[in-house]
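Novice: generate a structure from the sequence data that follows.
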Amino acid sequence: MNMTPNFWNRLLVAAAALSACATLAQAHQDAAASVSGDSPLAGKVREANSRFLDVKAATAEGYAPIPCASGITGGAMGIHYVNGQYLKDDKIDIARPEAVMYEPMADGTMKLVAVEYIASKGPASLDGQLFNFNSAPNRYGLGEFYELHVWAWKGNPTGTFADMNPKVSCEHAPAPTQ
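Specialist: Coordinates of the predicted model:
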């Protein structure tokens, strides 16, 4: 077999192209992992609820906004769009979260960041992940409940299932109406 310099050049170009493709694939995988925190549950939640990327889908399914929730030590949860029917039925369904959470952006749009599952009976879990217990009285005016935040669209340095996200802000939230 005659291995001319042209053959070696083509071989090097092909190897470089394969390497570039592998690098791009790994970067895509790394970006997805950084959003979900390597959590299989966050990936399942994202797959089951991506229809909510547009806030109009949430309102069309009966979700209504409540004021932006921020933490006393910083960070926020964003604006919760809550489905009252799901809140009352006490069923845990990955594709029917009780709340869909959006971060208000400077241009007035809403960016999907997380969902929240809520149950009045517990201990509750979803796909093996235990919910957090909230006692009464609480700032929501609810009785005791169990909740699980899943930061499936915005990475949370405090954890995929933490309540507040230091990367989320209520700075651009509309003023609550009375």
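Novice: neighbouring strands - and their directions - for the strand or helix carrying Glu116?
Specialist: According to DSSP states H and E, Glu116 maps onto strand 110-119. Within its sheet, strand 110-119 is paired with strand 99-104 (antiparallel), strand 145-150 (antiparallel), according to DSSP bridges.
Novice: possible to save these as CSV with mean pLDDT?
Specialist: Output for the strands paired with strand 110-119, formatted as CSV (pLDDT from 0 to 100):
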stretch, mean pLDDT
strand 99-104, 98
strand 145-150, 97
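Novice: just tell me which of those strands ends up closest to Asp38.
Specialist: Proximity to Asp38 (C-beta to C-beta) singles out strand 145-150 among those, at 13.4 Å. In short, each C-beta sits where N, CA and C put it, glycine included.
Novice: ok, back up a step: mean confidence score for the following helix or strand past the strand holding Glu116?
Specialist: Note on strand 110-119: by DSSP H and E, the next helix or strand toward the C-terminus is strand 125-126. On average, the pLDDT along strand 125-126 is 96.
Novice: skip ahead from strand 125-126 and say which helix or strand is next.
Specialist: Per DSSP H and E, the first helix or strand lying C-terminal to strand 125-126 is strand 129-130.
Novice: partners of the helix or strand that that following strand is followed by in the sheet?
Specialist: Per DSSP H and E, strand 129-130 leads on to strand 132-134 as the next helix or strand towards the C-terminus. Partners of strand 132-134 in the sheet, by DSSP bridges, are strand 145-150 (antiparallel).
Novice: check contacts around Ile94.
Specialist: Going by C-beta atoms under 8 Å, 6 or more residues apart in numbering, Ile94 touches Lys44, Val45, Ala48, Asn49, Leu126, Asp127.
Novice: got the residues you listed as TSV, with distance to Lys167 and neighbour count columns?
Specialist: As requested, the contacts of Ile94 are exported to TSV (distance: C-beta to C-beta, whole Å; neighbours: other C-beta atoms under 10 Å):
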residue	distance to Lys167	neighbour count
Lys44	22	17
Val45	18	26
Ala48	23	16
Asn49	19	22
Leu126	23	19
Asp127	24	13
